[in-house]
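Enquirer: Quick one, what's the 3D model for this:
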Amino acid sequence: MSAAARHRPGVSRLLAAVLGAPLAALLVSLALPAVVPASSDVRYLAACIVVIPLMAAAPCAVLLARSTARAWGGIALASTAALVVLWRAFT
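Expert: Modelled structure (predicted):
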């Protein structure tokens with residue numbers, strides 16, 4: 001397989017970049033106020049400031065992954081960690 005064909009993103013990786021990565025970034029920014037040790041105003045301000053760079057960086061990181069499995073695995077890991085933090089914060 002040539003180097004150009006190996007680095008061409010497939011449909012699954014593009015779906016991961018377009019759908020999965022922004023969702024994972026949003027979940028991480030929602031979970032951020034639960035772990036920042038500050039007042040509630042500062043926590044929500046930090047989450048609002050962090051969400052924009054996360055939404056831009058997450059699809060780039062997915063497209064730079066070596067394989068589709070690693071791309072979806074990174075999305076699953078970030079989403080699972082954020083959901084665990086949110087679950088512990090609200091229960």
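Enquirer: check contacts around Ala89.
Expert: 31, 34 (CB atoms under 8 Å, 6 or more residues apart in numbering). Glycine gets a C-beta too; all of them are placed from N, C-alpha and C.
Enquirer: again, 6 Å this time
Expert: Counting by CB atoms under 6 Å, 6 or more residues apart in numbering, Ala89 touches Ala34.
Enquirer: Next, work out how far apart it and Arg43 are.
Expert: 11 Å (CB to CB, to the nearest Å).
Enquirer: The residue lying closest to Cys48 once chain neighbours are set aside: helix or strand, and which one exactly?
Expert: Nearest non-adjacent residue to Cys48, counting by CB to CB, 6 or more residues apart in numbering: Ser29, 7.9 Å away. Using DSSP states H and E, Ser29 maps to helix 21-35.
Enquirer: what is the mean pLDDT for that helix?
Expert: Throughout helix 21-35, pLDDT has a mean value of 94.
Enquirer: show me where pLDDT drops low in this structure?
Expert: Where the chain drops to pLDDT under 70, the residues are 1-8.
Enquirer: Tell me where it has helices.
Expert: Assigned by DSSP state H, the helices in the chain fall at 3-6, 11-15, 21-35, 40-63, 68-90.
Enquirer: most packed of those helices?
Expert: Each of the helices of the chain was scored by mean neighbour count; the highest is helix 21-35, a mean of 19, by mean count of other CB atoms under 10 Å.
Enquirer: helices or strands next to it in the packing?
Expert: Secondary-structure packing of helix 21-35 (3 or more CB pairs under 6 Å, 6 or more residues apart in numbering; DSSP states H and E): helix 40-63, helix 68-90.
Enquirer: what's it in contact with?
Expert: Contacts of helix 21-35 (CB under 6 Å, 6+ apart): 43-44, 47, 50-51, 54-55, 58-59, 62, 75, 78-79, 82, 85-86, 89.
Enquirer: Against Leu32, how distant is the closest residue in space to Ala58 that isn't next to it in sequence?
Expert: Nearest residue to Ala58, sequence neighbours excluded (CB to CB, 6+ apart): Ala21, at 3.7 Å. Computed with CB to CB, the distance linking Ala21 and Leu32 is 17 Å.
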